[in-house]
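A.B. asks: what follows is a predicted structure for the sequence shown.
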Amino acid sequence: MARVLNNPWRGRGLADAEHFPLADARDVAELLQRCPAHAPTPLRHHPALAAETGVGQLWLKDERARMGLGSFKALGAAHAIAREAAATQAPDLRQALRGRVYVTASAGNHGLSVAAGARLFGARAVIVLAQTVPDAFAARLRAKGAEVMRAGADYEASMQAAASAARDKGWTLLSDCSWPGYTELPLGVMEGYLQLAAEAAAQIDRPPSHILLQAGVGGLAAAVAAHARRVWGDGPQIVVVEPEAAPALIDSIAAGRLTQTRGPVSCMGRLDCKTPSMIALNGLARDADAFVTVSEAEAQRAVDLLAAHGLPTTPSGAAGVAALLAGLDLPREARVMAILSEGPEDG
């Protein structure tokens, strides 16, 4: 394991933090009841995997089939768009956002969620991809009705291009990252992820001792951590897992402020984000106990192990298990919950 940092801000958060993740999942559940594609995903108990990773018990929240989109991201941007559609009080929600254009950058499944949400409510979706994103993913976006633009060599450059397009064309920027002056829509994206956390809390037989949460910009990790504290208080130890090549959160926690990092391209493509979301950072500074990074090789080992157990995923999806394989020092009797966040690239 490349790096471990115990969180010095635990319980209080960073100085001057104003915006925090939501923790109550009830509004999300109420909205999802109106969606015919919605169904809970399973929480899988894996004694054999627990033994191989050196912990007492292991649960995996399996998001690989969420709403037919293949990842937890189905709960995010589509939820934020659904909130805007519902707010119009249009008699036919399928046309509630006709004329609106949502634009975003995507390193992966966030774009699919924007595309799906826009199509459901009559809007257009424009997804900006960096040159490094595979053509196969662009084809998946187009199949969902999205328009695809290419811009920049990495995610950060494509996000700047999306923001410029929104400003120049009067489109609505729907990022899963937040920054000063841009908080409302990213907060709605993060709110959607609370559904995953609420399901897991209802599905597990008793509280976990440890929760391992992969992070890119940090939205998923921050939402799940906030809900875990609401439900279980200070009991579970929450550990945030990032790529060694993109230590945006661990560097920001160490610095005590939001920090942009640098590094090579990571095989954990969904987590390869060099700048954290402001809201996510604020929440995780308050709620997480530790931050760790894992190497490319450790992530691939986790992918191979999960595949051997009939659970194919990507290095991003396997990041929590990678932390266990990398030597995260947990008690032998630990009751661990992690998130299998997405299906394989060819799934």
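C.D. replies: It's in.
A.B. asks: nearest residue to Gln57 in space, please, no chain neighbours.
C.D. replies: Arg335 (4.7 Å; Cβ to Cβ, 6 or more residues apart in numbering). Any C-beta I mention is one placed from the backbone N, CA and C, and that applies to glycine too.
A.B. asks: again but with Val292, I slipped
C.D. replies: Spatially, and ignoring its direct neighbours in sequence, Val292 is nearest to Val4 (4.9 Å; Cβ to Cβ, 6+ apart).
A.B. asks: any idea how far Leu212 is from the one you found?
C.D. replies: 13 Å (Cβ to Cβ, to the nearest Å).
A.B. asks: picking that back up, contact partners for the residue nearest to Gln57?
C.D. replies: Arg335 sits next to 55-57, 59, 206-210 when contact means Cβ atoms under 8 Å, 6 or more residues apart in numbering.
A.B. asks: now Val321
C.D. replies: 49, 53, 60, 212, 302, 305-306, 338.
A.B. asks: what's the answer for Arg206, then?
C.D. replies: Contacts of Arg206 by Cβ under 8 Å, 6+ apart are Arg335.
A.B. asks: show me the helices in the stretch 1-150 of the chain, by range?
C.D. replies: Listed in chain order, the helices of the stretch 1-150 of the chain (DSSP state H, counting those that start in this stretch) span 26-32, 47-53, 77-87, 109-120, 135-143.
A.B. asks: what helices and strands are in contact with the top helix by length along the chain?
C.D. replies: Under DSSP state H, the helix in the chain containing the largest number of residues is helix 184-203. Counting contacts by 3 or more Cβ pairs under 8 Å, 6 or more residues apart in numbering; DSSP states H and E, helix 184-203 is packed against helix 26-32, strand 43-45, strand 57-62, helix 77-87, helix 219-232, helix 278-287.
A.B. asks: what lies in contact with the first one?
C.D. replies: If you take Cβ under 8 Å, 6+ apart as the criterion, helix 26-32 is touched by 38, 75, 79, 82-83, 86, 191-192, 194-195, 198.
A.B. asks: could you rerun that using 10 Å?
C.D. replies: Identification of contacts with helix 26-32 by Cβ atoms under 10 Å, 6 or more residues apart in numbering yields 22, 25, 38-40, 67, 75, 78-79, 82-83, 85-86, 188, 191-199, 223.
A.B. asks: what about it, distance to the chain center?
C.D. replies: Mean-position distance between helix 26-32 and its chain equals 19 Å (Cα atoms, centre = their mean, to the nearest Å).
A.B. asks: which positions in that helix come out as buried?
C.D. replies: Within helix 26-32, the residues that count as buried by 16 or more other Cβ atoms under 10 Å are 28, 31-32.
A.B. asks: nearest to Gly13, of these?
C.D. replies: Proximity of the buried residues of helix 26-32 to Gly13 (Cβ to Cβ) peaks at Val28, which lies at 23.2 Å.
A.B. asks: look at the nearest residue to that closest one once chain neighbours are set aside and report its pLDDT.
C.D. replies: The shortest distance from Val28 to any non-neighbouring residue, by Cβ to Cβ, 6+ apart, is to Gln195 (4.8 Å). Per-residue pLDDT puts Gln195 at 96.
A.B. asks: residues touching Gln195, list them.
C.D. replies: Counting by Cβ under 10 Å, 6+ apart, Gln195 has contacts 25, 28-29, 31-32, 38, 40-41, 66, 72, 74-76, 79, 223, 227.
A.B. asks: for Ala255, same thing?
C.D. replies: Counting by Cβ under 10 Å, 6+ apart, Ala255 touches 14, 261.
A.B. asks: pLDDT below threshold where in the chain?
C.D. replies: Applying pLDDT under 70 to the chain flags residues 1, 346-347.
A.B. asks: got the helices and strands packed on helix 184-203 as JSON lines, with distance to Ala161 columns?
C.D. replies: Below are the helices and strands packed on helix 184-203 laid out as JSON lines (distance: least, Cβ to Cβ, whole Å):
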{"stretch": "helix 26-32", "distance to Ala161": "30"}
{"stretch": "strand 43-45", "distance to Ala161": "38"}
{"stretch": "strand 57-62", "distance to Ala161": "33"}
{"stretch": "helix 77-87", "distance to Ala161": "18"}
{"stretch": "helix 219-232", "distance to Ala161": "20"}
{"stretch": "helix 278-287", "distance to Ala161": "20"}
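A.B. asks: pick the most deeply packed of these.
C.D. replies: Burial of these is given as mean neighbour count (mean count of other Cβ atoms under 10 Å); helix 278-287 ranks first at a mean of 27.
A.B. asks: domain ranges for this structure, per the record?
C.D. replies: According to automatic domain parsing, the chain comprises the domains 3-69+194-340, 77-175.
A.B. asks: now for these, which one comes closest to Thr183?
C.D. replies: Set against Thr183 and scored by Cβ to Cβ, those come closest in domain 3-69+194-340, at 5.2 Å.
A.B. asks: that closest one: end-to-end distance?
C.D. replies: Taking Cα to Cα, to the nearest Å, domain 3-69+194-340 runs 22 Å from one end to the other.
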